[in-house]
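Novice: generate a structure from the sequence data that follows.
(chains A and B)
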Amino acid sequence: MKSMRLAWRYVQHHRMKSVLMVFCIVLTVLLPVALGILLSSFNKQIVARANATPLLVGARGSRVDLTMHALYFQVPVTDTIRMGLEDSIKEFGQAIPIHVRISADHIPVVGTTLEYFEFRKMSLRNGDGLMRLGDCVLGSNVARLFNKEPGDFVLTDRENVFEIAGDYPLKMRVAGILNRTRTADDDAIFVDIKTAWVVEGFGHGHNDVTRSHDDNLVMDRQGNSVTLSPAVLPYTEITDDNIGSFHFHGDFAGFPVTSLIVIPRDNRSEALLQGRFDSSESVACMCKPIHEVETLMGLVFRVQKFFYANAILIGVSTLLLLVLVVALSIRLREREMQTMFKMGCSRATIFKLIAAELLLVFFCAAIVVSVSAWTIGRMANEIVSGLLVG
Amino acid sequence: MIEIRNLKFRYPNSGFRLRVDAMSICKGERVAVVGPSGSGKTTLLNLISGISIPESGQVQVGTTDISQLDDRRRRDFRISRIGAVFQQFELVDYLSVRENILLPYLITNVLKLDRLVQQRVDELARQTGLSDKLARRVQLLSQGEQQRVAICRALLPSPELIVADEPTGNLDPANKQRALDLLFQQCQQGNLTLIAVTHDHSILGGFNRTIDFADFLDSGSNS
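Specialist: Okay, here's the model as predicted:
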């Protein structure tokens, strides 16, 4: 206890040196600990979501990209599959379309069906579900980020600002806000698949411009024929008045989706489906997300081993530096120790005193590491979600 | 009080030899040890304090022959019965004045630190004019004040012997006198034996006796 008192006074007096030593130890220990916590959380999250998604169908290409795209809506997909593929899957199970080719303020807008919400066990925090064309529901993080409530509007991003003749952004009505799920769904905007197709130009409505009150928009009016300036109509909006005029050109089966989540009826159905999509003639590919995620995580864990090996080396060099600091400090304190010895202090007590000082430094470092690790552990889900959804 | 007989000492790998055939210092006596550098004054203090061990002979302090004690007992004896004052004060810079005075109690379990000891610190500080400086760090004190702290530290365990190695060597004349007065006064009050090594012949008047190691160098031994 007496040694601890003296040690505490020493550590307190040489606080700069002590803080630096604590900082060195904290950095050396915390980095691999934090990485371990984050990777574990990352692994848990990604595996949980992959496990909850039995099969995916998408355009031929990277299966990892397809998995990350369908699960996290992040990886951009240029090739699409036809919605009609759903019909060929129906006899083996359920297929839920995913369409992620548009965004709103760089947040992915996911076109899907109501089955998706049921499948992911998502519920509404407030407002309603997707009731009509042009409605959207916001993930909890998006609602917070945009500060939107049901009844507000969200505008999709224009694909090309210089193409006046192109598709206009859609002004979507926020129908509801989803409860927090701590998954990528919190960071997405959900619309009905048909709404997504409207944004892509597969469907459109016809506005009754003869009833426009703003004469500034009118370029020419001849009887019932009115020409309106497109330059001043920066977006499309689906309202109660014009919803009746919205229609699609073509068969839904030919419209694009970026992936299909497939929930097979049983193992046999799953095997049959995989066999069907495995053929080289198939225009689409099927993958089991958990396999892709395990492959990905295998690679991540291999990299982690290198990081740990590096951390061990840094740890050893930090330890050697600490030994050097302590050795130099002992040399500097030789007179103090000699005085104590002359007064009747044993060398063991002097050793205990130095050990107590080191113990205090390590104890302080352990506290900082523990608190930081606990905080990182608490925030791991958010941090990892942030990393996963960009 | 202190009896030295047939004492022989030499440092390993050194030609230095110290021989004291007989020396006796009475209880309460104030003895100054003078002599040229390298004559063995500090070595004698170390032998009396049990810091160094003689090759042969006897060093008896009170009823204890310290040359016969093992390491642990010698240390215990030193910390509880001998107070040491050093030329450079040798205070611990990261401790307060109070903690420096308490240092003998903080570095051993032989001395028990209790409320009475704390009261004695207050009393010593009052006597030495350090009452208002007990919470301060020693670095902030003047040289004279630091030496007073060192004297208080030596006196706190109520030793029967004070050994002082150049106790006034680092002090200006005013502080020198004040430190000596304090030492003499405390030794007189507690009937403590004082052995002080000094080069300063101007302070010898305050001592009962002077042992001059120059004589020892001439004769080869000090009797």
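Novice: ok, how many other residues are close to A:Val26?
Specialist: 18 (other CB atoms under 10 Å in any protein chain shown). In short, each C-beta sits where N, CA and C put it, glycine included.
Novice: please read the previous query as pertaining to B:Lys112.
Specialist: 9.
Novice: list phi and psi for it.
Specialist: B:Lys112 has phi and psi values of phi -100, psi 120 when expressed as degrees, to the nearest 10.
Novice: which residues does residue 24 contact?
Specialist: Using chain A here. The neighbourhood of A:Cys24, defined by CB atoms under 8 Å, 6 or more residues apart in numbering or on different chains, consists of A:318, A:321-322.
Novice: hm, I was asking about chain B
Specialist: Under the criterion of CB under 8 Å, 6+ apart, the neighbours of B:Ser24 are B:2-4.
Novice: with pLDDT added, can I get those residues in TSV?
Specialist: As requested, these are exported to TSV (pLDDT from 0 to 100):
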residue	pLDDT
B:Ile2	88
B:Glu3	90
B:Ile4	90
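Novice: can you pull out the strands in the stretch 101-250 of chain A?
Specialist: Ranges of strands within the stretch 101-250 of chain A are A:107-112, A:124-127, A:135-138, A:153-155, A:170-178, A:189-192, A:203-204, A:218-222, A:225-228, A:236-237, A:247-248, based on DSSP state E, counting those that start in this stretch.
Novice: sheet partners, orientation included, of the third one?
Specialist: So that's strand A:135-138. Here strand A:135-138 is paired, per DSSP bridges, with strand A:170-178 (parallel), strand A:189-192 (antiparallel).
Novice: may I have the strand or helix carrying B:Ala22 as CSV, with CA atoms only?
Specialist: Of the helices and strands defined by DSSP states H and E, B:Ala22 is found in strand B:17-25. Provided in CSV are the C-alpha atoms of strand B:17-25 (Å, rounded to 0.1, in the frame of the first residue of the first chain):
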residue,chain,number,x,y,z
ARG,B,17,42.0,0.9,3.9
LEU,B,18,40.4,2.1,7.1
ARG,B,19,41.6,0.9,10.5
VAL,B,20,40.1,2.0,13.7
ASP,B,21,41.5,0.3,16.8
ALA,B,22,39.2,1.9,19.3
MET,B,23,36.7,4.6,19.3
SER,B,24,34.0,5.5,21.8
ILE,B,25,31.3,8.1,21.6
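Novice: buried residues in that strand, which are they?
Specialist: Within strand B:17-25, the residues that count as buried by 16 or more other CB atoms under 10 Å in any protein chain shown are B:18-20, B:23, B:25.
Novice: list the residues that contact A:Ala175.
Specialist: Going by CB under 8 Å, 6+ apart, the list of residues near A:Ala175 reads A:127-131, A:135-137, A:150.
Novice: one more pass at 6 Å, please.
Specialist: With contacts defined as CB atoms under 6 Å, 6 or more residues apart in numbering or on different chains, the neighbours of A:Ala175 are A:127-128, A:131, A:135, A:137.
Novice: give me phi/psi at the residue of the stretch 1-150 of chain A found nearest chain B?
Specialist: The stretch 1-150 of chain A approaches chain B most closely through A:His13 (3.4 Å), counting by CB to the nearest CB. Its backbone dihedrals place A:His13 at phi -70, psi -40, with angles given as degrees, to the nearest 10.
Novice: so it touches B:Asp93, yeah?
Specialist: No: if you go by CB atoms under 6 Å, A:His13 and B:Asp93 don't touch, sitting 7.2 Å apart.
Novice: ok, those two, which is more surrounded?
Specialist: Using other CB under 10 Å as the criterion, A:His13 and B:Asp93 rank with A:His13 on top: 16 against 13.
Novice: contacts for stretch A:136-151, please.
Specialist: Counting contacts by CB under 6 Å, 6+ apart, the residues outside stretch A:136-151 that touch it are A:107, A:127, A:154, A:172, A:174-178, A:180, A:185-191.
Novice: returning to what we had before: so what's the residue of the stretch 1-150 of chain A closest to chain B up against?
Specialist: Contacts of A:His13 by CB under 6 Å, 6+ apart are B:Tyr94.
Novice: for A:Ala7, see how far away it is.
Specialist: If you measure A:His13 against A:Ala7 using CB to CB, to the nearest Å, the figure is 11 Å.
Novice: from B:Arg120, how far off is the residue of chain B found nearest chain A?
Specialist: In chain B, the residue that lies nearest chain A is B:Ile79 (2.7 Å; CB to the nearest CB). Distance of B:Ile79 to B:Arg120, given as CB to CB: 16 Å.
Novice: compare neighbour counts for those two and give me the winner.
Specialist: Set side by side, B:Ile79 and B:Arg120 give different neighbour counts by other CB under 10 Å, the larger being at B:Ile79 (25 against 17).
Novice: identify each buried residue in the helix or strand hosting the more buried one, please.
Specialist: Taking DSSP H and E as the criterion, B:Ile79 maps to helix B:71-81. The neighbour-count check on helix B:71-81 (16+ other CB under 10 Å) flags B:74-81 as buried.
Novice: neighbours of A:Asp87, just the number please.
Specialist: For A:Asp87, the neighbour count with other CB under 10 Å is 11.
Novice: just the pLDDT for it.
Specialist: The predicted local distance difference test score for A:Asp87 is 86.
Novice: ok, the closest residue to it other than its chain neighbours to chain B distance?
Specialist: Closest residue in space to A:Asp87, ignoring its immediate chain neighbours: A:Ala253 at 6.8 Å, by CB to CB, 6 or more residues apart in numbering or on different chains. When distance is defined by CB to the nearest CB, to the nearest Å, A:Ala253 is 82 Å away from chain B.
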